[in-house]
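Novice: this one's sequence-less:
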């Protein structure tokens, strides 16, 4: 029983903190978000240089981390910095299938921040289901992909797309899925990019007989999809905790300094109690993320169940923290200029990625039944 | 970060589990599990058994006979006791007064009272709350006036848990009415057989008699029964409340309640299917389970911090709040799971030896009364609102 960080991991956290403090203030972040790609490629390369992407990859694939605990630590800092660079899209969802498929050269490029990868999985008619795939892959003169993918994070700036597609089976079947590598600027790929409410970017992508290369064995891709999404879930849950910490610190500062009726806001018991409730729920959320991170290398059911619990709880607590932080601030938190609401927006919108609180509650229940069976 | 127990800790868990299996009479465990009333003799038997293994005073320092456990071992012991259906250790003597005497008592007081706690000679009760002093304990008005070699005590105490079993009471009384509220209080040890003491039962909303009022009229207390300095009793009281709060999260109780809930939800049916498969009920249970999983880790984080020598900080307040909320939620779901069979009220069925015909499933009888009984957990030990005040002040600097 030990909740302390190893020396290496403490250094990783310090490296990230130093970079965010020295190089990533709020104007820099907003400027990066407003760039055509939705992030700053030079900053992304610098983050890669510091090893922040490599920390998400195991040593045998050329990185120096890759465990659940590493993912959680990096993403808590991503949350604290409100980072818009594609840690989730490229560093986790895009990169992990490449790692598992042994795409050494591509892994190296993505890890260096030179190539942007995006994970094209969700579809216009889908809603968080891991096997909700009707995009088709057919083999003839090489593999070709036809279908539509929705809200692909950083899909507009991506150089390569990792696309889930069906080689056989019905629309919801776990069997018959595969992951494929598609050149984003290649033939048969049409992308429509757009900004998202939380300051990031995504794209709707249509594939029409787009040439593709299989990653792993076509038809047996479900396990890798689940594994990749699980990594993303851990990343998002940890990012949420980082965002919550900033919301908490900012709100506390405000309660201590802002005066009304001749007293600091923090002198009012109604606000004190709400602040304590917020802190308590953040500790709960953090604990759930620690459990998910600490059991990420365990058997599938334990891992997936703890991930679902963490995503559910961070979603539930995230909404509370975002709403309370805005309410306890008052009018100032309604302005674009003040940083807090941007954290609050990201915190709420995280619940729309990779499954929301209800989806993961349902998944938690289902996995529990599998466990009992 | 390492979320698993060390081999030594796992071995300790096995040792505790095996010992409980050999020493806890199955009939007693069945009473605890079934929510039946425990007699004074039941508690005394279990205390005595634990003491044979030196596991009764596990809060105490080694030099006073404690087993010298780490915070993790204490946690494991607690979990195993509750999982096995052991009666709770009555905390007033061994967990509350014991540490206070060890910290503040004279050598004579330690020599007299500590062995009697361990061998069960004394059953202690706690004279803290008064009708006018609940959460605002420092406003207590029971008076103690020094007259020669004794104090004369007048006043009224309330919520005195198991006071009807007790032969001794540790009691807070005001010795200086002119000082600030916290500064004129003294900590006295009072013989319940003294003339002028009257114990009256309070029947709680679940129909049970566990707590009492204690009336004190011109009760003579020898001056040698003052613990610590006169007018400095608040220090002892606060020290004791710190001990009271650390176990109050009740994670192990909630775990036991959750597994009971799962059993009930598997056995009760709705629309011809197990209740556990009803999506609405399953969602309620899953939310509870997730909250409890997180709280388990939160609790372990505090235990690990304590194991590294950090004293229990204001986070204990957070654990108390969440712990009681989760435990109350579990009891709410157990009550709901029973449906109409939560209604029958058969208090006689809780008596030892009752062999009447139960109404509904055998676990139905206590589902609703237990729910009502547990409302107390967010009120006692410093109400959850008081805990929020404490945390806002000490940790958030508001």
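Specialist: It's in. Remember, it's a predicted structure, so these values are computed and weren't measured experimentally.

Novice: Can you give me the neighbour number for residue A:140?
Specialist: 7 (other CB atoms under 10 Å in any protein chain shown). Where you see a C-beta, it was placed from the backbone N, CA and C, and this is true even at glycine.

Novice: any idea how far it is from residue A:163?
Specialist: Separation of residue A:140 from residue A:163 (CB to CB, to the nearest Å): 17 Å.

Novice: what does residue B:139 give?
Specialist: Distance from residue B:139 to residue A:163, by CB to CB: 70 Å.

Novice: And the two? Which one has more around it.
Specialist: Taking other CB under 10 Å, residue B:139 and residue A:163 do not tie; residue A:163 has more neighbours (28 against 13).

Novice: so that one makes contact with residue A:179?
Specialist: Yes: contact criterion CB atoms under 8 Å: residue A:163 and residue A:179 qualify, at 7.1 Å.

Novice: Looking at stretch B:129-142 now, give me its mean pLDDT.
Specialist: Here stretch B:129-142 scores 94 as its mean pLDDT.

Novice: For the stretch 1-150 of chain B, what lies in contact range of chain A?
Specialist: Neighbours of chain A within the stretch 1-150 of chain B, by CB under 8 Å from any CB of the partner chain: B:1, B:2, B:3, B:4, B:5, B:6, B:9, B:72.

Novice: Could you find which two of those residues are furthest from each other?
Specialist: Of all pairs drawn from the residues of the stretch 1-150 of chain B next to chain A, the greatest distance, 16.2 Å, lies between B:1 and B:9 (CB to CB).

Novice: Hmm, residue B:12 is touching residue B:75, no?
Specialist: No: under the criterion of CB under 8 Å, residue B:12 is not in contact with residue B:75, lying 10.6 Å apart.

Novice: So between these two, which is more surrounded?
Specialist: Counted by other CB under 10 Å, residue B:12 and residue B:75 do not tie: residue B:75 has more neighbours, with 24 against 19.

Novice: OK, contacts around the more buried one?
Specialist: For residue B:75, the contact set (CB atoms under 8 Å, 6 or more residues apart in numbering or on different chains) comprises B:299, B:300, B:303.

Novice: Could you look up the SS state of it?
Specialist: On the three-state scheme (DSSP: H, G, I helix; E, B strand; the rest coil), residue B:75 is labelled helix.

Novice: so where's chain B shaky on pLDDT?
Specialist: Low-confidence segments of chain B, defined by pLDDT under 70: B:242-248, B:312.

Novice: any idea how far residue B:299 is from the spatially most central residue of it?
Specialist: Ranked by distance to the mean C-alpha position of chain B (CA atoms, centre = their mean), the top residue is residue B:91 at 6.2 Å. As defined by CB to CB, residue B:91 lies at a distance of 18 Å from residue B:299.

Novice: Which element, helix or strand, includes residue A:325?
Specialist: helix A:300-329 (DSSP states H and E).

Novice: got it, and residue A:215?
Specialist: strand A:201-219.

Novice: Report the buried residues of that strand.
Specialist: Going by neighbour count (16 or more other CB atoms under 10 Å in any protein chain shown), the buried part of strand A:201-219 is A:201-207, A:210-212, A:214-216, A:218-219.

Novice: contact partners of stretch A:39-57?
Specialist: By CB under 8 Å, 6+ apart, stretch A:39-57 touches A:12, A:15-16, A:19, A:23-24, A:28, A:31-33, A:62-66, A:70-71, A:73-74, A:84-87, A:90-92, A:95, A:99, A:107, A:110-114, A:154, A:157, A:201.

Novice: and residue A:143, what does it touch?
Specialist: A:137, A:180, A:211, A:212, A:213, A:214, A:218.

Novice: hmm, try it at 7 Å
Specialist: A:137, A:180, A:212, A:213, A:214 (CB atoms under 7 Å, 6 or more residues apart in numbering or on different chains).

Novice: Out of the residues you listed, which two sit at the greatest distance?
Specialist: The most widely separated members of the contacts of residue A:143, counting by CB to CB, are A:137 and A:213 (10.6 Å).

Novice: Now for these two: what residues contact both?
Specialist: A:143, A:180.

Novice: Which secondary structure elements does the helix holding residue A:325 sit against?
Specialist: Counting contacts by 3 or more CB pairs under 7 Å, 6 or more residues apart in numbering or on different chains; DSSP states H and E, helix A:300-329 packs against helix A:222-257, helix A:269-294, helix A:340-349, helix A:357-372, helix B:279-307.

Novice: what's the angle between the fourth one and helix A:300-329?
Specialist: Between the axes of helix A:357-372 and helix A:300-329, defined by axes from the mean of the first three to the mean of the last three CA atoms, to 10 degrees, the angle is 150 degrees.

Novice: Give the buried residues for helix A:357-372.
Specialist: Neighbour-count burial for helix A:357-372 flags A:357, A:359, A:360, A:361, A:362, A:363, A:364, A:365, A:367, A:368 (criterion: 16+ other CB under 10 Å).

Novice: Just list what it packs against, helices and strands only.
Specialist: Counting by 3+ CB pairs under 7 Å, 6+ apart, helix A:357-372 packs on helix A:300-329, helix B:279-307.

Novice: How about the last one?
Specialist: In this structure, helix B:279-307 packs against helix A:269-294, helix A:300-329, helix A:357-372, helix B:71-83, helix B:251-267, helix B:315-337, with contacts taken as 3+ CB pairs under 7 Å, 6+ apart.

Novice: go on, the longest one?
Specialist: Counting contacts by 3+ CB pairs under 7 Å, 6+ apart, helix A:222-257 packs against helix A:68-81, helix A:95-100, strand A:177-183, strand A:263-264, helix A:269-294, helix A:300-329, helix A:340-349.

Novice: export the ones you listed to JSON lines and tack on mean neighbour count, mean pLDDT and distance to residue B:228?
Specialist: As requested, those are exported to JSON lines (neighbours: other CB atoms under 10 Å in any protein chain shown; pLDDT from 0 to 100; distance: least, CB to CB, whole Å):
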{"stretch": "helix A:68-81", "mean neighbour count": "25", "mean pLDDT": "98", "distance to residue B:228": "46"}
{"stretch": "helix A:95-100", "mean neighbour count": "24", "mean pLDDT": "98", "distance to residue B:228": "62"}
{"stretch": "strand A:177-183", "mean neighbour count": "24", "mean pLDDT": "98", "distance to residue B:228": "71"}
{"stretch": "strand A:263-264", "mean neighbour count": "12", "mean pLDDT": "97", "distance to residue B:228": "37"}
{"stretch": "helix A:269-294", "mean neighbour count": "23", "mean pLDDT": "98", "distance to residue B:228": "32"}
{"stretch": "helix A:300-329", "mean neighbour count": "24", "mean pLDDT": "98", "distance to residue B:228": "42"}
{"stretch": "helix A:340-349", "mean neighbour count": "22", "mean pLDDT": "98", "distance to residue B:228": "48"}
